[in-house]
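Q: sequence and predicted structure are below.
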Amino acid sequence: MSRNDPYLLGERFSAELGRFQRPLFLLAHHDDEIPTAGLMQRMGPGKQVLWVTNSDGLYFESKMTPAEYGEMRKREGVKSVAHAGVAESAIRCLDVSEVETYRWMSRVNSGASSLDQALPYFRDIRDRVRDAVLEIQPDAVFTLAWQGGNPEHDITHVCARMAVDALGRATGQRPAFYQMPAYEYLILVAMRFHPLYRGARIRLRLTPAELAIKQAMMQEYPSQVRLFGDFQKVFRMVGRFAFLGAPRNAEAYVSVEEFGPVPPIDYGRKPHMFDYFTYMFDDFEGVPVTFSRAVRPIVAGLLRDAE
């Protein structure tokens, strides 16, 4: 077995979990914890969760207002992470509206708003993430991977990176920084890094008890039944290639979790060669959100302001 084998790295990581006394899961949406719910379970009692948005983005699939939908999603999140041993007192939500975030990204993308007009909104998100991290002072931060699958995931990742750097400057001790993949190409690469990803991969094999808790966490999100159903379709397709070593079914797939330390990243470079494959079909009321025209200039502005 290679010393860089993901499962061997996972065994070593699990054996050294005691070094993290104040780990923080810094997430964009309620349900972003599901891909690494086993990892969350393995963390000690000092773990905390910070959600950036109120997850109101899919309100239009219900009869609720965005505010009502967001409150429902927040309640689901509290119930979900409770299964993983996260106390309600260890949970925070910055209540950023997905609807407003997508509105601003789409306006920058279309040219309806200038970057200068949009940046105050995104600076506020960045600064609130930074302030929360400085207050919590985690010794490890686990956030969403920079993948080009979801624009809010990527902006959350960059805000997390800047907050980790700010904490390092303030205390002289930069926390460990890990990223957790969600999906790319809609959901065709689900809960794993891209096959060409060159960073270190850490993989955990969940025990039956950990998998059962993970499944219980998923059940706390009735609002996401359609999305989870889409993932199930992908898992069934993957299962057709079990003879090549692919997981046999959805249960086998989600019983393995993947994450890794955040490597050096050029945030000005496209996550995929073509914009089409980045945030595929993401839009706000029919106006696209792309990397080149929306996320890259917003991220560049945030990074430039912090220098």
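A: All right, it came through fine.
Q: who's in contact with residue 139?
A: Shown in contact with residue 139 (Cβ atoms under 8 Å, 6 or more residues apart in numbering): 19-23, 173, 175-176. For the C-beta atoms, the positions are set from N, CA and C on the backbone; glycine is no exception.
Q: for those, name the two members farthest from one another.
A: 23 and 173 (14.4 Å; Cβ to Cβ).
Q: can you pull the contacts of the residue positioned nearest the centre of the chain?
A: The centre of the chain sits closest to residue 144, judged by Cα atoms, centre = their mean, with a distance of 2.9 Å. Residue 144 makes contact with 27-28, 32, 150, 153-154, 156-157, 160, 179-182, according to Cβ under 8 Å, 6+ apart.
Q: who does it bridge with?
A: Applying DSSP bridges to residue 144 gives these bridge partners: residue 180.
Q: and the strands in this protein?
A: Along the chain, the stretches classed as strands by DSSP state E are 23-27, 48-53, 91-96, 140-144, 176-180, 183-184, 189-190, 202-205, 256-261, 283-284, 287-288.
Q: low pLDDT regions in this protein?
A: Where the chain drops to pLDDT under 70, the residues are 1-2, 225-249, 307.
Q: do that again at 90, thanks
A: 1-4, 57-58, 60-62, 183-191, 195-196, 222-254, 273-276, 281, 305-307 (pLDDT under 90).
Q: which one (most neighbours) among the contacts of residue 139?
A: With neighbours defined as other Cβ atoms under 10 Å, the most crowded of those is residue 23; it has 24 neighbours.
Q: now for the residue nearest to that one when sequence neighbours are not counted: which residues touch it?
A: Nearest non-adjacent residue to residue 23, counting by Cβ to Cβ, 6 or more residues apart in numbering: residue 140, 4.3 Å away. With contacts defined as Cβ under 8 Å, 6+ apart, residue 140 is in contact with 20, 22-24, 175-178.
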